[in-house]
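> here's my sequence, what's the structure:
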Amino acid sequence: MTDSTSLEHSIGNSSTNRAMIFRSSAIQIAVVGAAGSVFLSVGQGLKACPLCFYQRSFVMAVLAVLALGRFLERSRPGLICLLSVPLAWAGLGVAVFHYYLVATKVLECPQGLFGFGTAPAQSLMLFNFLASDVSVGAWYGRHESPRQRATTQIAAVLLGFVLAVACVKSAPPLPKVPAAAYDPVKDPLDTCRRPFRAPTN
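Predicted coordinates for the structure are as follows:
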């Protein structure tokens with residue numbers, strides 16, 4: 001084995017090891033996201049809105065791809081991360097839009113886990129970490145195959161944004177603005193809804 005071949009082999013192994021680290025981190029984040037989302041509905045009785053369902057579906061899809069890839073294709077962690085990139089970025093895109101609706105007071109949403117911010121804010125933070133991990137893992141694994149080049153990774157991110165736009169555009173219309181203030185007993189804040197706005201004179 002020549003020195004150049006040995007160096008390339010060493011670089012490849014180092015990159016693969018780093019891709020494995022980011023794949024493992026992404027799996028853990030996806031587990032937290034999926035479990036937390038289910039707990040908000042089952043454990044705390046919150047009702048997921050359509051945008052919440054999209055995000056839940058994407059994080060579960062990422063978890064499925066990463067978990068299966070962990071057992072079926074252990075030697076190519078970068079490829080498994082790459083396959084997860086469109087799903088993670090699609091979830092991030094929907095999360096950004098959802099958080100924007102809350103920040104601009106178009107929607108009001110219930111608190112997330114442990115009361116740290118709203119559920120959309122927590123989802124946005126989670127997808128930021130998840131999309132970053134799978135993207136970096138895919139980048140480190142780009143030496144695994146000629147098809148895993150940078151252009152493919154950019155295309156994967158763009159595909160994610162296309163999926164996000166499709167979800168947002170096809171989502172059911174927002175609920176109507178209530179004519180009267182919500183009753184805190186009869187109408188608890190257990191789902192994303194339009195806030196009541198008192199008429200101004």
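
> please count neighbours and contacts with C-alpha atoms only from this point.
Noted.

> off-centre distance for the helix or strand bottoming out on mean pLDDT in the chain?
Least confident element among the helices and strands of the chain, by mean pLDDT, DSSP states H and E: helix 3-42 (a mean of 80). Mean-position distance between helix 3-42 and its chain equals 15 Å (C-alpha atoms, centre = their mean, to the nearest Å).

> and that helix, what other elements does it pack with?
For helix 3-42, the elements it packs on are helix 50-72, helix 77-103, helix 119-140, judged by 3 or more C-alpha pairs under 8 Å, 6 or more residues apart in numbering; DSSP states H and E.

> in it, what counts as buried?
12, 15-20, 22-27, 29-31, 33-34, 36-38, 40 (16 or more other C-alpha atoms under 10 Å).

> before we move on, back to that, make CSV from the helices and strands packed on helix 3-42 and add mean pLDDT and distance to T151 to it.
Converted to CSV, the helices and strands packed on helix 3-42 look like this (pLDDT from 0 to 100; distance: least, C-alpha to C-alpha, whole Å):
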stretch, mean pLDDT, distance to T151
helix 50-72, 94, 21
helix 77-103, 96, 12
helix 119-140, 95, 11
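
> mean neighbour count, these: which tops it?
Scoring the helices and strands packed on helix 3-42 by mean neighbour count under mean count of other C-alpha atoms under 10 Å gives helix 77-103 as the most buried, with a mean of 25.

> quick one: that helix to helix 119-140, angle?
Helix 77-103 and helix 119-140 are oriented at 160 degrees to each other (axes from the mean of the first three to the mean of the last three C-alpha atoms, to 10 degrees).
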